[in-house]
Each structure stands twice: as structure tokens, then as C-alpha cells.
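> got a sequence here, can you model it:
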Amino acid sequence: MKYVANIGLEVHVQLKTRTKMFCACPAHREGDAPNSHVCPVCLGLPGALPTVNGEAVKKTVQVGLMIGSRINLASRFDRKNYFYPDMPKNYQISQQYLPLCTGGGVEIVLADGTKKFIRVNHIHQEEDAAKISHWGDASGIDYSRASTPLMELVSEPDMSSPEEAVAFLSALKEMFLHADISECNLEMGHMRADVNSSVRPEGSDALGVKCEIKNMNTFRGIQRALAYEIRRQTETLESGGTLRQETRRWDDELGVTEPMRSKEYAHDYRYFPEPDLPPVVLDGATVEAWKAELPELPRARRARFETEYGLPAYDAGVLVADRALADWFEEAAAASGNPKAASNWVMGELLHALDEAGKTLADCAITPAALGKLIGLVEKGTINMPAAKQVFAELFAKGGDPETIVREKGLAQVDDEGAIEGMARAAIEANPKSVADYQAGKAAALMYLVGQVMKASRGKANPAKARALLEKLLS
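Predicted coordinates for the structure are as follows:
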């Protein structure tokens, strides 16, 4: 019997807000001293009363708007009761029954170009737990993270492979970064997922027994864990065994999942309405205003880059993957009047320079307007490409005006045919073997001679004219 998988994800996202979810403490940032941002509310002290972070509600609603959810104008908070050291109140304030957003979905695109729509069940608002660290036989708790605004997006079990799950998470991350919803740093726990998977006989509509893998925070780990878990469940059924609904943990070193506990159900948490918070009541005008603030979605922007600028799909994908880079490119394209040339420079020289220097766009000195001007100098023939790369390096390191740099460094292209012909004759005379090789049919030998002309001109000769003159002299 053949089995097929069903995968659903519960995606937890720390929202990018200035303060915590239910108090005025600064939101936790990596590197903050442990327990440096705490107060009676986030420590769960008796008598402390929470208040709702409106910015967190706004960002959660905006995610719903981006994926086509129904925005519930009236929602409420509930208490999820459990005892564990990371939750000082002994309950978590969450939304079990009336979430902010319901429905919607995300289209994913797989490596082979296949598209699939993944439905979303709902998105709700809650608070994060404290961070627990372990050292040998000791543990420590950092309550600075307690009550950090958290959004949970729950998908339907529409994914059928680890690759689809990663594509779904990647699409979400791209949207969240574009709309400034979250920093989405997986290593720091800004985005993590509980992964639910089951297998069922092919042709059957009934879902199989679900197993959940908790707190996965790397895409590679999620892909490996799902591949293992689907294989484990399938082999168990094929051998006549039975599966039980349970929570498991992923051991990345061993590459296996291990049982933790039997799966909890909603009634195990004894949910009831949060008595210290009123319902969240929104109005249509507010929701529309929040919608108007949203940027162009990545998928739409990629399509526009292809149609408006004539870029290949690959270029559009690389540029739109980073909103800041896409914005920078658009400014450079407008300044240069040549979007493809701007794309080539951004994807080539700029990204390489940023990587080499370990910098971000905000750290480097070059501006989109300067790159646009540099592209113009190349197109007009004022400078050739080797000189343009020298100018780019100067702009990247120190900024400035391309024309001024060209003038001060004497980088203007040599177009004088007489001067270039003299250097070409000198190259021919100094390299008889290359001349013989070229005349024997070795085309590469000509490029060596062009290189000699460029060297003699200190990179300033027009390379096209140098080649044409060499071909003429050697014919």
C-alpha cells in the first residue's frame, strides 16, 4: 500500500514592536542582559493588570490582510492554563476561540516551478514565554522575553512534502520581512514552528494519526525532521504497527525524532476568557487604513519587475528577496534609465562588495543615484568597464560623484584610434607567439593581445576599438 503525507504548521512569529504584548517593558532584543526588561505584569505578580499592545494587533491584522484572511472586528483573549517555569503567571494569554484573523492562504512555488495554494486556518495573538537556558546540571530563566508579542499562524494540513513545508515558511518569511512585521531571525527564535505530520493510504480522505514536532527554528531542520517522521510513520504502518498521537522532539545530531509526551488537547489547558482584558474591537476604517500602509507584496513585485523592467525571473527573484535591496535597485534603475544594467551591477558588484566587506546596504557609501550616473558614463563611452569597476570601488568605500572620480583619477576612456593603433602595433611586435597562434586559428590569442593593449593604456583604451584594430592589423 502506498501512503501519502499531510503536513500542517503552527508558525510562531515574534512581532517587531517597541514594547511587550501586555506591558510597557521594552520588547526583548538579543544581547540584552538577562532579566533586564521585567515588571510586575510580565513577572505575573499578584494584582498586576495587563494592557493590549495596539501595534502588535495592527501587525497581526496586516498579516491577515496580506494573505486574504477574514478580519474579525471583534475578538478576545483567553487564558491557556499550564504550569512551567517559562510562564510566570502559570497561564499564557492567547486567543483560542475568537482569533483576530480566520481563513486565507499562501501560494507557494516549488523548485520545479509547480505552484500550490496552502490554506490558513487562522491567525491569533498571544505572548511569548521566557527563555530557558541549560548548563550541565543547572538552568537559568530570562524573563525579559516573557510577554514578547507573538503571532501564531496555523495552516491547514495541505502540504504533502518537506519541500512544500519549507516553501510555505520561506514565502511567509519573505512577506513578513517586506512588511516589517518581524525581524524573522530564525537562529534567535523570531520565527519558529510546531510541525504536525501524518500519513494516510493513498486514495483515502481520512487524515492519519498526527504527530507534532515542537519548536523547530531552522528550515533545514524542519525539512530533515519531516523527511524522517514521514518515513518513520510509513514504515510503522507497513510493518503492521500502530501510531499514537503524540508530541516528539527532533535530535538534529542523531537525525531522529523522539517521543516527549502524549499529545495535549484543548481541554487539557482549561481555556477560559481572560477576565483582565476587554474584547478587541476594531472598525472597518481602521482596518482599511492599516491595509493602505502595506507595501507591495513580494509575488506582485517580482511580476512587476519582469514586466515593467524586462528583468529575467531569476533577477527579479534575487532582488525582491530583500525589500531594501529591491528599493535600492528601483532607485538605481530610475537614475540610470537602464533597469537591466542596474540589475547587473546590483546583483554583481554591489552584492559581492557587501559580502566581502560584511556590510549591509545601510552601511555602504554608494547611493543609487551614484550608480545610475556611473552606468550612464559607461553607456556614453566616457569610461570602459574596467575603469567603471574602479570607480564603483571608490564609490562603495567613500561615496562621491562618479564624474569627479573619473576626472581626478584620469580614468576617461581612450578613444583616439591613432593612440590605440600605436599600442596595438607594440603588442603585436612584442608577442610574436600570440600572433602566430591567432593566425593559426586560436581565437583566444587575440584576447591576450587585447589584454596587452589594455595593460599598456592602464585600462583606459576602448577594448572594442583595440580588438577591431588588432584584427585589421593581423588580417
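
> counting contacts, what elements does the helix or strand containing residue 465 pack onto?
If you go by DSSP states H and E, residue 465 is part of helix 463-474. Contacts defined by 3 or more C-beta pairs under 8 Å, 6 or more residues apart in numbering; DSSP states H and E place helix 463-474 against helix 417-430, helix 432-439, helix 444-456. C-beta coordinates here come from the backbone N, C-alpha and C atoms, glycine included.

> could I have the CA atoms of it written out in PDB?
In PDB, the C-alpha atoms belonging to helix 463-474 read as follows (Å, rounded to 0.1, in the frame of the first residue of the first chain):
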ATOM      1  CA  PRO A 463      38.500  47.500 -25.700                       C
ATOM      2  CA  ALA A 464      36.200  47.200 -28.800                       C
ATOM      3  CA  LYS A 465      38.400  49.500 -30.800                       C
ATOM      4  CA  ALA A 466      41.500  47.700 -29.600                       C
ATOM      5  CA  ARG A 467      40.100  44.400 -30.800                       C
ATOM      6  CA  ALA A 468      39.000  45.800 -34.200                       C
ATOM      7  CA  LEU A 469      42.400  47.400 -34.800                       C
ATOM      8  CA  LEU A 470      44.300  44.200 -33.900                       C
ATOM      9  CA  GLU A 471      42.100  42.200 -36.200                       C
ATOM     10  CA  LYS A 472      42.700  44.700 -39.000                       C
ATOM     11  CA  LEU A 473      46.500  44.700 -38.500                       C
ATOM     12  CA  LEU A 474      46.700  40.900 -38.400                       C
END
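
> tell me how far it lies from the chain's centre.
Mean C-alpha position of helix 463-474 versus that of the full chain (C-alpha atoms, centre = their mean, to the nearest Å) differs by 47 Å.

> buried ones in that helix?
463, 465, 466, 467, 469, 470 (16 or more other C-beta atoms under 10 Å).

> please apply the same query to stretch 429-446.
431, 434, 435, 437, 438, 445, 446.

> which one of those residues is nearest to residue 44?
Distance to residue 44, by C-beta to C-beta, is smallest for residue 446 among the buried residues of stretch 429-446, at 78.2 Å.

> and the residue lying closest to that closest one once chain neighbours are set aside, how far from residue 381?
Nearest non-adjacent residue to residue 446, counting by C-beta to C-beta, 6 or more residues apart in numbering: residue 438, 5.0 Å away. Using C-beta to C-beta, to the nearest Å, residue 438 is found at 26 Å from residue 381.

> where do the strands sit along the stretch 251-400 of the chain?
Along the stretch 251-400 of the chain, the stretches classed as strands by DSSP state E, counting those that start in this stretch are 256-262, 272-273, 280-281.

> which elements pack onto the longest one?
With contacts defined as 3+ C-beta pairs under 8 Å, 6+ apart, strand 256-262 has these neighbours: strand 211-216, helix 219-238, strand 246-251.

> next, the buried residues of it.
By neighbour count on 16+ other C-beta under 10 Å, the buried set for strand 256-262 is residue 257.

> how does this protein divide into domains?
Annotated domains of the chain cover 3-289, 296-409, 417-474 [automatic domain parsing].

> any chance of those domains in JSON lines, plus mean pLDDT?
Formatted as JSON lines, the domains of the chain follow (pLDDT from 0 to 100):
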{"stretch": "domain 3-289", "mean pLDDT": "94"}
{"stretch": "domain 296-409", "mean pLDDT": "93"}
{"stretch": "domain 417-474", "mean pLDDT": "77"}
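
> quick check: the spatially most central residue of the chain vs residue 119, distance?
With distances taken as C-alpha atoms, centre = their mean, residue 174 lies nearest the centre of the chain, 4.5 Å away. Distance of residue 174 to residue 119, computed by C-beta to C-beta: 19 Å.

> with residue 302 instead?
Relative to residue 119, and taking C-beta to C-beta, residue 302 is found at 22 Å.

> so between the two, which is more surrounded?
Each of residue 302 and residue 119 has its neighbours counted (other C-beta atoms under 10 Å); residue 302 has more, 23 against 14.

> in this structure residue 230 contacts residue 197, no?
Yes. Using C-beta atoms under 8 Å, residue 230 is in contact with residue 197, at 6.1 Å.

> need the overlap of contacts for the two.
Common neighbours of residue 230 and residue 197, using C-beta atoms under 8 Å, 6 or more residues apart in numbering, are residue 5.

> of these two, which one has the most company?
Using other C-beta under 10 Å as the criterion, residue 230 and residue 197 rank with residue 197 on top: 27 against 22.

> got the angle between whatever helix or strand the more buried one lives in and strand 256-262?
Assigned by DSSP H and E, residue 197 belongs to strand 191-201. Put simply, strand 191-201 runs at 90 degrees to strand 256-262, going by axes from the mean of the first three to the mean of the last three C-alpha atoms, to 10 degrees.

> go through strand 191-201 and flag the buried ones.
191, 192, 193, 194, 195, 196, 197, 198, 199, 200.

> same question, stretch 169-189
169, 171-179, 181-184, 186, 189.

> so which of those belong to strands?
Using DSSP state E, no member of the buried residues of stretch 169-189 falls within strands.

> related to what we said a few turns ago, surely the residue nearest to residue 446 and residue 432 touch.
No. Using C-beta under 8 Å, residue 438 is not in contact with residue 432, being 10.7 Å away.
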